[in-house]
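Q: build me a model from this:
(one chain, ligands or ions: 1)
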Amino acid sequence: MKNFHSTLSALILLLFFSCEQESKTIKSGEIWPDNNGIHVNAHGGGMLFHEGKYYWFGEHKIEGKAGNKAMVGVHCYSSKNLTDWKDEGIALEIIKDDLKHDITEGCVLERPKVIYNKTTKKFVMWFHLELKGQGYLAARTGLAVADKVTGPYTFVKSLRPNAGQWPANFTKEQKTVEYDYKMKRWTDEGRTAVVNGMFLKRDFEGGQMSRDMTLFVDDDEKAYHIAASEENGTLHIRELTDDYLNFRDNYVRVFPDESNEAPAIFKKDGKYYMFASGCTGWAPNPGRSAVANNIMGPWTNLGNPFKGTEDEMKVSFDSQSTYVIPVIGKKDAFIYMGDRWMPEDAIDGRYIWLPVQFDEKGIPYLEWMDEWSLDFFD
Ligand code: GAL
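A: Take a look at the predicted model:
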């Protein structure tokens, strides 16, 4: 009997661990229950792999339209297999008792990304911040730091980067043009002006606008902040300082006036790839992709990475990019992480995760899969 009991408990333990380790299938667009049976609440998210676990950070949304504002903070989940998610709580909390605080309740805090600094041993979170009551006018990026991966993260500052600094790929000529800032944005004249940096010039003294964003840490531990700038017309890629807490004066403009948002970057065989979207708010649009030999550019457009019917491609399988997860321990295995926003009931937003595939020329693309598992990469 004793033997029977110990065999039984050994079996139960084995079952428990194999369930825990073995990844399940990924069903994009469905409810993804965490360890408490509650749909994962981490929108516009990013992933950090640290000491054997993945940590998913994203916007905690609440019910209804009000849920599009930051009422709670940045939520963190952990997993060893990318399919069983443990709720690690709110990593960065919104400030409730100080109405003047940059991250006061009701601000807009989007697309948080966390990276780990091996030298300072700090976890560094950057995010898109819009000050309360100002719509999307502030266009700032915010910084919070923690000693532990799951937090608590302490708010450090928010700013518009690179005040008083010119991008590396801005010409002498572009620097000297004077603009009539009342010029209409969507006329030929307006567009030419935007391509040539009209908004960049306007914001030169106060710092550059920074909205949809991501972070990328390269093999040499240098980190980059990639954000929609210049009224969402142009992406900016900026190098962070060694401690990841500030910007270097080194930044570039990418795809001027092409209106890219939702950037996500990954690296394969020494090349940098980017997924992004167009600018249509919560509504999906045709995805975009690009490649570069150097993260600071030049970047080459690779077109819409979504492969499917015309209708599916027009809306990127009803998703918008937020991050690309490199799967640890598998070669050339990357997961597209996208959001299917539900602006009318923000908390109900869904996650679209698809394996990144590569065609014979090495160009990344994404195909719809109702259900797939990490075995896909084997
Ligand atoms: C999207 C953006 C989201 C959010 C939304 C608000 O374009 O990617 O992060 O800012 O607009 O309308």
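Q: from here on, contacts and neighbour counts on C-alpha atoms
A: Will do.
Q: which stretches of the chain have low pLDDT?
A: Low-confidence segments of the chain, defined by pLDDT under 70: 1-21.
Q: what is the helix or strand hosting residue 339 packed up against?
A: Using DSSP states H and E, residue 339 sits in strand 334-340. Here strand 334-340 is seen to pack against strand 43-50, strand 320-326, strand 350-355 when contacts are counted using 3 or more CA pairs under 8 Å, 6 or more residues apart in numbering; DSSP states H and E.
Q: now distance to the ligand and mean neighbour count too, for the ones you listed, in a markdown table please.
A: Compiled in a markdown table, the helices and strands packed on strand 334-340 are given as follows (distance: least, CA to the nearest ligand atom, whole Å; neighbours: other CA atoms under 10 Å):
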| stretch | distance to the ligand | mean neighbour count |
| --- | --- | --- |
| strand 43-50 | 6 | 23 |
| strand 320-326 | 7 | 27 |
| strand 350-355 | 14 | 25 |
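Q: how about CSV for those strands, with distance to residue 115 added?
A: Shown next, in CSV, are the helices and strands packed on strand 334-340 (distance: least, CA to CA, whole Å):
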stretch, distance to residue 115
strand 43-50, 6
strand 320-326, 13
strand 350-355, 21
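Q: nearest to the ligand: which residue in the stretch 1-150 of the chain?
A: The ligand sits closest to residue 110 of the stretch 1-150 of the chain, with a gap of 5.9 Å, by CA to the nearest ligand atom.
Q: nearest to residue 288, out of the helices and strands packed on strand 334-340?
A: Among the helices and strands packed on strand 334-340, strand 320-326 comes nearest to residue 288, with 9.4 Å by CA to CA.
Q: nearest to residue 309, out of the helices and strands packed on strand 334-340?
A: Distance to residue 309, taken as CA to CA, is lowest for strand 350-355 among the helices and strands packed on strand 334-340, at 16.3 Å.
Q: which SS class is residue 24?
A: The three-state assignment at residue 24 reads coil, by DSSP: H, G, I helix; E, B strand; the rest coil.
Q: excluding its backbone neighbours, what's nearest it?
A: residue 83 (5.8 Å; CA to CA, 6 or more residues apart in numbering).
Q: where does the one you found sit, in terms of helix or strand?
A: Residue 83 belongs to no helix or strand, assigned by DSSP H and E.
Q: for it, give me its contacts.
A: 23, 24, 25, 26 (CA atoms under 8 Å, 6 or more residues apart in numbering).
Q: how close does the second one get to residue 31?
A: According to CA to CA, to the nearest Å, residue 24 stands 14 Å off from residue 31.
Q: and if you look at the first one?
A: Distance, residue 23 to residue 31, by CA to CA: 17 Å.
Q: pull the contacting residues for the nearest residue to residue 31 once chain neighbours are set aside.
A: Excluding its sequence neighbours, the residue lying closest to residue 31 (CA to CA, 6+ apart) is residue 39, at 5.6 Å. Contacts for residue 39 (CA under 8 Å, 6+ apart) come out as 31, 32, 33.
Q: around the ligand, which positions in the stretch 101-250 of the chain sit nearby?
A: Residues of the stretch 101-250 of the chain lying near the ligand by CA under 6 Å from any ligand atom: 110, 212.
Q: and the strands in the stretch 101-250 of the chain, which stretches?
A: With strands called from DSSP state E, counting those that start in this stretch, the stretch 101-250 of the chain shows them at 108-117, 122-130, 140-146, 154-159, 213-217, 223-229, 234-240, 247-254.
Q: that older thread, just among the contacts of residue 83, which is most surrounded?
A: Most neighbours among those, by other CA atoms under 10 Å: residue 26, with 20 neighbours.
Q: of the helices and strands packed on strand 334-340, which is nearest residue 96?
A: strand 43-50 (21.0 Å).
Q: and the strand holding residue 339, which residues are buried?
A: Neighbour counts over strand 334-340 (16 or more other CA atoms under 10 Å) mark 334, 335, 336, 337, 338, 339, 340 as buried.
Q: any idea how far the fifth one is from the ligand?
A: In this case it means residue 338. In this structure, residue 338 and the ligand are 10 Å apart, going by CA to the nearest ligand atom, to the nearest Å.
Q: against residue 237, how distant is the residue nearest to that residue when sequence neighbours are not counted?
A: Closest residue in space to residue 338, ignoring its immediate chain neighbours: residue 321 at 4.2 Å, by CA to CA, 6+ apart. Distance of residue 321 to residue 237, given as CA to CA: 17 Å.
Q: what about the residue lying closest to residue 47 once chain neighbours are set aside, is that helix, strand or coil?
A: Leaving aside its sequence neighbours, residue 47 sits nearest to residue 56 (CA to CA, 6+ apart; 4.6 Å). Secondary structure assignment for residue 56 (three-state DSSP): strand.
Q: same question for residue 344.
A: Secondary structure, three-state DSSP: residue 344 is helix.
Q: neighbours of it, how many?
A: 14.
Q: over to residue 80?
A: When neighbours are counted by other CA under 10 Å, residue 80 registers 18.
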